[in-house]
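[1] How does the following fold in three dimensions:
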Amino acid sequence: TDHAPHTIEEKSLPFELCPSGIASVEVAPLLLLDLAMKDFIPLSTVVKLLSRGPATLLNLRRWGCIGRGCIASFTFVDFHTETRLEDAVHESKAKSIPYRGTVRGSICVTMVRGRVVYYQGELYKPRAIPLTEVSKI
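    The predicted model follows:
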């Protein structure tokens, strides 16, 4: 994924001047969940890719897990609804993604460190913590 914080104007520049990257960090979970719902990949793989995998890469032992001593960060998904990908990007400066169409599933709630940060379309920005401090939590 790439957060690709570029405006539409920047991405419309000629190829040699256009900043690289595709805004996809907001839609990656939806794309992966859709693949799982279509039986292309197991749901357990999606969970690993979006939770334990990144935590392991960043050496964050208490993140991306469920159990005593783990940091309470979860995403709740509704598998019975669809999400239009063009409407999925809210926070990226780009406000545009190359993905089109709908995917099965939608993100209902996201909790970070036990606090709701996203609820049915509304984003509640948590207090920012530098990555160097996250590993100490």
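[2] pLDDT score for Ser106?
    According to the prediction, Ser106 has pLDDT 90.
[3] what bridges to it?
    Asp78 (DSSP bridges).
[4] okay, now it: neighbour count?
    Per other CB atoms under 10 Å, the neighbour tally for Ser106 reads 20. The C-beta positions use only the backbone N, C-alpha and C, and glycine is treated the same way.
[5] excluding its backbone neighbours, what's nearest Thr56?
    Take Thr56 and drop its neighbours on the chain: the residue closest to it by CB to CB, 6 or more residues apart in numbering is Gly64, 7.2 Å away.
[6] Give me the three-state assignment for the one you found.
    At Gly64 the chain is in coil, as set by DSSP: H, G, I helix; E, B strand; the rest coil.
[7] Roughly how far does it sit from Lys48?
    Using CB to CB, to the nearest Å, one gets 9 Å for the distance from Gly64 to Lys48.
[8] Setting aside sequence neighbours, what's the nearest residue to Lys38?
    Arg104 (7.6 Å).
[9] Could you name the specific helix or strand carrying that neighbour?
    strand 102-112 (DSSP states H and E).
[10] Stretch 48-58: how far from the chain's middle?
    12 Å (CA atoms, centre = their mean, to the nearest Å).
[11] Next, the closest residue to Lys125 other than its chain neighbours: phi, psi?
    Leaving out its chain neighbours, the residue that sits closest to Lys125 by CB to CB, 6+ apart is Val117, at 7.1 Å. For Val117, the backbone dihedrals (degrees, to the nearest 10) come out as phi -110, psi -10.
[12] With that, I have no additional questions.
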